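Trainee: when you get a sec, could you give me coordinates for this:
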Amino acid sequence: MSETLEKIFHLKEHGTTVRTEIIAGITTFMTMAYILAVNPNILGTTGMDTGAVFAATAIGACIGTLIMAFLANYPFVLAPGMGLNAFFAFTVVGQMGYSWQIALTAVFVEGIIFIILSLTKVREVLFNCIPVSLKYGVTSGIGLFIAFIGLQNAKIVVSGPTLVGLYPFRAALLDGSFYTVGIGAFLALMGTLLIAVLMAKKVPGGILWGILATWIVGMICETTGLYIPDPAQGMFSVMPSFGNGIFIPSLAPTFMQFDFSVVATLNFITIMITFMFVDLFDTLGTLIGVASKADMLDKEGRLPNIKGALMADSIATTAGAVLGTSTVTTFVESSAGVGVGGRTGLTALVSAVLFALSLLLAPIFLAIPSFATAPALIVVGFLMVGSLVRIDFDDITESLPAYITTIAMPFMYSISEGISMGVISYVIINICTGAFGRKKISPIIYCLAVIFFLKYIFI
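Mentor: Numbering: from 1, shown residues only. I've put the predicted structure just below:
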């Protein structure tokens with residue numbers, strides 16, 4: 001078996017082992033498992049059958065990740081993207097009043113266009129033309145972004161008078177609410193420290209063990225009454241439940257439910273372009289960030305075989321729409337697997353298998369609480385922020401745009417916005433200082449800056 005895996009994924013060439021890849025695949029899956037619960041809840045607000053969406057989410061993630069594993073041999077895992085599903089449900093269907101069938105059609109058309117663009121190397125050219133300093137800024141920005149997501153998921157950071165603030169532990173203890181939200185936040189903090197200790201001691205799979213340990217302690221707390229679930233506050237039981245038995249929901253309610261009646265309208269084109277824009281630059285940002293963290297970029301900052309990765313992403317988007325879910329894209333949580341040593345498609349293959357198994361073992365996978373996976377995101381965020389040290393801070397024309405890219409992602413809560421701000425600032429600063437004459441900057445970067453600028457004016 002190991003010899004076969006070596007031939008397929010070239011493990012020794014990438015400095016990894018079967019054991020490391022398996023641990024990385026499990027770790028990535030566990031940090032992404034929340035999408036199996038969140039996506040049906042979000043898309044269910046449109047009237048879509050939640051059981052069918054659950055099945056489409058799991059199968060779509062499995063298909064996209066398998067293609068990534070074998071076509072690109074990268075440890076990147078795909079699933080319906082957060083943000084894109086919210087735009088699908090709350091903007092296209094909720095605010096604009098279109099049916100979910102029309103929204104699915106927009107995602108399907110977007111996927112077809114991306115397949116064509118991937119075949120013609122347009123997306124690859126966009127990836128390669130981004131300056132190296134901005135790529136490091138993207139990596140660091142994604143690190144802060146996923147750390148912020150982890151802090152939010154665990155309720156360590158909550159909204160408050162100062163926009164965001166620390167969870168009020170003392171006040172919660174006094175009014176009794178600590179035993180619902182507070183205990184989760186506390187366990188997440190302890191889980192983060194545990195992972196830090198395990199990593200400092202170089203324990204293999206430290207992030208995964210931290211997730212499992214936090215989950216187990218959470219189950220003990222629920223059993224003893226220290227943790228009291230309250231779905232209204234987003235705090236669910238952490239105990240696996242097989243009360244409804246084992247079954248696979250039918251895809252029929254959402255499978256190929258397209259409506260092409262408004263394809264030729266301006267509004268439909270606008271919706272489709274918006275899906276394309278967010279997906280395009282979220283994917284590019286994720287690939288840049290995760291690949292940079294894994295030292296997969298070459299000396300020119302390019303990702304070898306990026307065509308395979310982009311094709312996998314494009315096919316996954318199309319397949320997801322056919323199955324009945326919003327845009328399937330490369331997940332930033334892939335960095336969790338990379339953080340524990342995942343370097344090849346075997347990591348993706350393991351995650352894909354777990355997504356397939358989740359159809360049968362949903363009660364187990366869905367019981368993993370967000371406060372157990374949050375420590376992984378926080379620690380991986382720390383690892384990715386380290387990319388900042390590779391930036392030449394003596395050159396303000398390189399470092400300041402990278403800095404803007406870094407801070408824009410968490411503060412604007414968007415990878416694509418971070419890239420937009422970074423590119424615009426890079427072009428303006430370099431033009432105004434005359435530095436563009438000393439550098440080999442791709443004309444595409446100037447075009448992108450204009451497009452991003454016009455986007456803020458007209459969209």
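Trainee: CA only for contacts and neighbour counts going forward, please
Mentor: Noted.
Trainee: what's near enough to touch Leu198?
Mentor: Contact analysis of Leu198 by CA atoms under 8 Å, 6 or more residues apart in numbering lists 206-207.
Trainee: tell me the spacing between it and Thr50.
Mentor: 39 Å (CA to CA, to the nearest Å).
Trainee: again, but for Asn128
Mentor: According to CA to CA, Asn128 and Thr50 sit 39 Å apart.
Trainee: hmm, who's touching the lowest-mean-pLDDT helix or strand in the chain?
Mentor: In the chain, the helix or strand scored least confidently by mean pLDDT, DSSP states H and E is helix 362-365, which has a mean of 73. If you take CA under 8 Å, 6+ apart as the criterion, helix 362-365 is touched by 30, 33, 239-242, 358.
Trainee: repeat that with 6 Å
Mentor: Outside helix 362-365, the residues within contact range by CA atoms under 6 Å, 6 or more residues apart in numbering are 240-241.
Trainee: export the helix or strand just after that helix as PDB, just CAs?
Mentor: On the C-terminal side of helix 362-365, the closest following helix or strand by DSSP states H and E is helix 370-385. Taking C-alpha atoms only, helix 370-385 is exported to PDB below (Å, rounded to 0.1, in the frame of the first residue of the first chain):
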ATOM      1  CA  SER A 370     -16.600  25.000  17.000                       C
ATOM      2  CA  PHE A 371     -14.800  25.700  20.200                       C
ATOM      3  CA  ALA A 372     -12.800  22.500  19.700                       C
ATOM      4  CA  THR A 373     -11.700  23.400  16.100                       C
ATOM      5  CA  ALA A 374     -11.100  27.100  16.900                       C
ATOM      6  CA  PRO A 375      -7.700  26.400  18.600                       C
ATOM      7  CA  ALA A 376      -6.500  24.900  15.300                       C
ATOM      8  CA  LEU A 377      -7.400  28.000  13.400                       C
ATOM      9  CA  ILE A 378      -5.800  30.300  15.900                       C
ATOM     10  CA  VAL A 379      -2.500  28.400  16.000                       C
ATOM     11  CA  VAL A 380      -2.400  27.900  12.200                       C
ATOM     12  CA  GLY A 381      -3.100  31.700  11.900                       C
ATOM     13  CA  PHE A 382       0.000  32.300  14.000                       C
ATOM     14  CA  LEU A 383       2.100  30.000  11.700                       C
ATOM     15  CA  MET A 384       0.900  31.900   8.600                       C
ATOM     16  CA  VAL A 385       1.600  35.300  10.000                       C
END
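Trainee: tell me where the model's unsure across the stretch 1-150 of the chain.
Mentor: 83 (pLDDT under 70).
Trainee: what segments of it are strands?
Mentor: Counting by DSSP state E, counting those that start in this stretch, the stretch 1-150 of the chain has strands at residues 78-80.
Trainee: now the helices for it?
Mentor: Applying DSSP state H, counting those that start in this stretch to the stretch 1-150 of the chain gives helices spanning 2-9, 18-32, 35-43, 50-67, 84-86, 100-119, 122-129, 132-153.
Trainee: now those in a markdown table, with mean neighbour count and distance to Gly434?
Mentor: Shown next, in a markdown table, are the helices of the stretch 1-150 of the chain (neighbours: other CA atoms under 10 Å; distance: least, CA to CA, whole Å):
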| stretch | mean neighbour count | distance to Gly434 |
| --- | --- | --- |
| helix 2-9 | 13 | 46 |
| helix 18-32 | 25 | 44 |
| helix 35-43 | 20 | 46 |
| helix 50-67 | 27 | 44 |
| helix 84-86 | 20 | 38 |
| helix 100-119 | 23 | 33 |
| helix 122-129 | 18 | 20 |
| helix 132-153 | 27 | 18 |
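Trainee: OK, contacts around Thr405?
Mentor: By CA under 6 Å, 6+ apart, Thr405 lies in contact with 137, 418-419, 422.
Trainee: mind redoing it with 8 Å?
Mentor: So Thr405 contacts 134, 137-138, 141, 418-422 (CA under 8 Å, 6+ apart).
Trainee: which helix or strand contains it?
Mentor: helix 396-412.
Trainee: now do the buried residues in that helix.
Mentor: By neighbour count on 16 or more other CA atoms under 10 Å, the buried set for helix 396-412 is 397-410.
Trainee: out of those residues, who's nearest Ser159?
Mentor: If you rank the buried residues of helix 396-412 by distance to Ser159 using CA to CA, Pro410 comes first, at 14.7 Å.
Trainee: for the closest one, what are its contacts?
Mentor: 141-142, 144-146, 148.
Trainee: that older thread, export the helices of the stretch 1-150 of the chain to CSV and tack on distance to Ala171?
Mentor: Compiled in CSV, those are given as follows (distance: least, CA to CA, whole Å):
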stretch, distance to Ala171
helix 2-9, 52
helix 18-32, 30
helix 35-43, 29
helix 50-67, 37
helix 84-86, 33
helix 100-119, 43
helix 122-129, 48
helix 132-153, 19
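Trainee: I'd like the buried residues of helix 396-412 as a markdown table, with pLDDT appended.
Mentor: Shown next, in a markdown table, are those (pLDDT from 0 to 100):
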| residue | pLDDT |
| --- | --- |
| Thr397 | 93 |
| Glu398 | 94 |
| Ser399 | 95 |
| Leu400 | 96 |
| Pro401 | 96 |
| Ala402 | 95 |
| Tyr403 | 96 |
| Ile404 | 96 |
| Thr405 | 93 |
| Thr406 | 94 |
| Ile407 | 95 |
| Ala408 | 93 |
| Met409 | 88 |
| Pro410 | 90 |
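Trainee: which helix of the chain spans the most residues?
Mentor: helix 266-293 (DSSP state H).
Trainee: next one: stretch 185-205 to chain centre, how far?
Mentor: The gap between where stretch 185-205 is centred and where its chain is centred comes out at 22 Å by CA atoms, centre = their mean, to the nearest Å.
Trainee: okay, and for the stretch 351-459 of the chain, where does confidence drop off?
Mentor: 366, 459.
Trainee: residues contacting Asp298?
Mentor: Pro304.
Trainee: and it, how close does it get to Phe178?
Mentor: For Asp298, the distance to Phe178 - CA to CA - is 49 Å.
Trainee: kindly report the same for Phe331.
Mentor: 32 Å.
Trainee: related to what we said a few turns ago, dump the buried residues of helix 396-412 into JSON lines; add distance to Thr65 as well.
Mentor: As requested, these are exported to JSON lines (distance: CA to CA, whole Å):
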{"residue": "Thr397", "distance to Thr65": "38"}
{"residue": "Glu398", "distance to Thr65": "34"}
{"residue": "Ser399", "distance to Thr65": "34"}
{"residue": "Leu400", "distance to Thr65": "35"}
{"residue": "Pro401", "distance to Thr65": "33"}
{"residue": "Ala402", "distance to Thr65": "30"}
{"residue": "Tyr403", "distance to Thr65": "32"}
{"residue": "Ile404", "distance to Thr65": "31"}
{"residue": "Thr405", "distance to Thr65": "28"}
{"residue": "Thr406", "distance to Thr65": "27"}
{"residue": "Ile407", "distance to Thr65": "29"}
{"residue": "Ala408", "distance to Thr65": "28"}
{"residue": "Met409", "distance to Thr65": "25"}
{"residue": "Pro410", "distance to Thr65": "26"}
